[in-house]
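[1] Return atomic coordinates for the entry below.
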Amino acid sequence: MFVLCDDFLKGDETKRIFLMEMKKHIGKEYRTFPMVFKNGIFIGGSEEAEVFFTRSQYFGGVNGGANEDF
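    Reported below is the predicted structural model:
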């Protein structure tokens, strides 16, 4: 799923609220985009997502399935 976040980042107050909500979901402050999640679990940004995807293909996925959806 892709969520367009531009509207949340337009104003200072909406941006602050958005980043506070992301901090709750991620468990730490994270201010870089993209923010990549898999099954509700925070993976990281684009570099971390690339590493995660490569490893899941090589090692058969996080849940043990080689054809697991990323």
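
[2] Assign I43 to helix, strand or coil.
    strand (DSSP: H, G, I helix; E, B strand; the rest coil).

[3] Burial check on the closest residue to F52 other than its chain neighbours, number of neighbours?
    Once flanking residues are discounted, F52 sits nearest to I43: 5.0 Å by CB to CB, 6 or more residues apart in numbering. The way it works is simple: take the backbone N, C-alpha and C, and place the C-beta from them, glycine included. As a burial measure, I43 scores 19 neighbours (other CB atoms under 10 Å).

[4] Contacts only, for I43.
    V36, F37, A49, F52 (CB atoms under 8 Å, 6 or more residues apart in numbering).

[5] which one is the third one nearest to, not counting chain neighbours?
    The shortest distance from A49 to any residue that is not its chain neighbour, by CB to CB, 6+ apart, is 4.1 Å, and that residue is V36.

[6] which residues touch the one you found?
    Counting by CB under 8 Å, 6+ apart, V36 has contacts F42, I43, G44, G45, S46, E48, A49, F52.
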